[in-house]
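**Student:** Here you go, sequence then predicted model.
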Amino acid sequence: IDNILRLVYNFVIQILLLRIRSGGMFCFRTNILLLFPLLMTWHTAALARSEIDARQFIEQCQLKDFGSDQRSRLTMVLRDPSGNEKKSVYQRYWKAYSGPGDLAEKMLLFTEYPPDARGAAFMRWGYQSASDKKAQHWIYLPELKKIRRLSVRDMADRFLGSELTYADISSRGIDADTHSFVARRTVGPDNYVLIASTPKDADYLYSKRLHWFKLGKTWHDCVVARTDYYDHKKQLLKKQYYNWQEISGVWLWREVLVENVQSYRNSLFIVDHATVNTGLKDDYFVERTMRHSQISKIPGSIRLALQ
C-alpha cells in the first residue's frame with residue numbers, strides 16, 4: 001500500500017509541475033487546491049499504517065508462545081552499586097491459563113540456594129489484565145513452618161529484591177497502551193525496530209516503555225531484545241536486555257539483565273534445565289505443595305540439582 005501511494009503521489013506531482021509550467025500562477029493555485037485532498041489522504045494513511053505496524057510488532061514479537069506450562073531452574077544474581085552480589089537459585093514451575101475465568105498464570109518457586117534459605121517457597125497467582133482482581137502471593141518459611149499470604153500494595157515494589165517490579169511481571173493488555181513507531185536501528189549485524197508504548201492510564205508506573213525488537217527472517221524469529229523504562233519525569237530509569245531460547249516452538253528467557261541507571265543496581269536472571277508443555281496439574285499450585293519444598297515428590301515431576 002505504501003509503495004502504491006508513493007507512486008500515485010509522485011505521478012500527480014509530475015502532472016502538477018507540467019500544468020504549472022503551462023498555466024502560470026492561477027493554474028498553480030488551482031492545482032494546489034486539487035492536490036491538497038490527495039496529500040491529506042496519503043498523510044492520514046501513513047499515520048494509520050504506522051499505528052498498525054507498531055501494534056503488529058507488539059503482537060508478533062512480544063506476545064510470543066510461552067507454552068501451556070514450564071519447568072526450569074532460575075538463578076538470580078543481584079548486584080548493588082558497590083558490586084556486591086547476592087545469588088539465589090530456585091526450582092521454577094509455571095502454568096498458563098486461558099479461556100473462561102480471570103486467571104492468567106500460576107507460578108511456584110522453591111529455594112535451592114543459599115543453604116540457609118533452602119526449603120522456602122513462593123507462589124503467585126496472576127490474573128488477566130482485564131480483571132479487577134489483584135495478583136495473589138504466598139510465602140512458606142520452613143523455620144516457622146508457616147505459610148503467609150503477602151500483600152503487595154505498591155506495584156513498584158521489587159520482585160524478590162530484584163530490579164523487576166511486580167508491575168513488570170504482571171499481565172498487561174495490549175490495549176492498555178498506545179503503541180507508536182519510533183525508529184529503525186542497526187547495531188552490528190542486527191537490525192531493530194523501536195516501538196514506544198505509552199500508557200493510557202496516567203497512574204501507571206512508567207511514563208513510557210521503549211521496546212527494541214530484533215528482526216528475523218520471519219515474524220516467528222522477531223523478539224524483543226531490550227526494553228527501556230522511563231519514569232514520570234520522562235527520565236530513563238532502567239534497561240532490560242533479553243536473550244531468548246526456543247524449545248519446541250515455546251519461547252523462554254535464557255538470560256535477562258536489568259540495569260537500573262539511576263540506582264546503579266542490576267539483576268541477572270538465568271533460566272536453564274527447562275522443559276515445556278509437560279502437563280503440570282492445577283492442584284500442584286496449592287499451599288500443600290509449598291510445604292513439600294519441591295514437586296519432585298509428585299509423580300512425573302523433575303528434580304533440579306545444583307551445579
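**Tutor:** Happy to help now that I have it.
**Student:** From start to finish, how long is stretch 273-287 in a straight line?
**Tutor:** 25 Å (C-alpha to C-alpha, to the nearest Å).
**Student:** list the buried ones in it?
**Tutor:** For stretch 273-287, a neighbour-count test (16 or more other C-beta atoms under 10 Å) marks 274, 276, 280, 284-285 as buried. Every C-beta, even on glycine, is put in place using the N, C-alpha and C of the backbone.
**Student:** If you average the pLDDT over that stretch, what comes out?
**Tutor:** Mean pLDDT, computed over stretch 273-287, is 94.
**Student:** Spell out, range by range, the helices that occur in the stretch 51-200 of the chain.
**Tutor:** Shown for the stretch 51-200 of the chain, no helices are assigned by DSSP state H, counting those that start in this stretch.
**Student:** so where's it shaky on pLDDT?
**Tutor:** 51-52, 100 (pLDDT under 70).
**Student:** same thing but at 90, please
**Tutor:** Along the stretch 51-200 of the chain, segments meeting pLDDT under 90 span 51-53, 63, 98-102, 128-134, 150-155, 170-172.
**Student:** Just the ones in strands from the buried residues of stretch 273-287, please.
**Tutor:** In this view, those that belong to strands under DSSP state E are 274, 276.
**Student:** ok, the buried residues of stretch 273-287 vs Trp251, which is closest?
**Tutor:** Val276 (9.4 Å; C-beta to C-beta).
**Student:** Report the contact partners of Lys208.
**Tutor:** Contacts for Lys208 were tallied using C-beta atoms under 8 Å, 6 or more residues apart in numbering; they are 196-199, 230, 234.
**Student:** Now, the residues you listed that are in strands?
**Tutor:** Short answer: those in strands (DSSP E) are 196-199, 230.
**Student:** Which of the residues in stretch 206-216 are classified as buried?
**Tutor:** 206-215.
**Student:** cool, stretch 121-136 as well?
**Tutor:** For stretch 121-136, by 16+ other C-beta under 10 Å, it's 121-128, 135.
**Student:** show me the contacts for Cys152.
**Tutor:** Quick fix: residue 152 is Val, not Cys. So Val152 contacts 134-135, 137, 166 (C-beta under 8 Å, 6+ apart).
**Student:** try 10 Å this time
**Tutor:** Taking C-beta atoms under 10 Å, 6 or more residues apart in numbering as the criterion, Val152 is in contact with 124, 134-137, 159, 165-167, 170.
**Student:** and if you look at Asp154?
**Tutor:** Per C-beta under 10 Å, 6+ apart, neighbours of Asp154: 165-167, 205.
**Student:** Could you dump these into a markdown table and include neighbour count?
**Tutor:** Converted to a markdown table, the contacts of Asp154 look like this (neighbours: other C-beta atoms under 10 Å):
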| residue | neighbour count |
| --- | --- |
| Thr165 | 20 |
| Tyr166 | 22 |
| Ala167 | 17 |
| Leu205 | 18 |
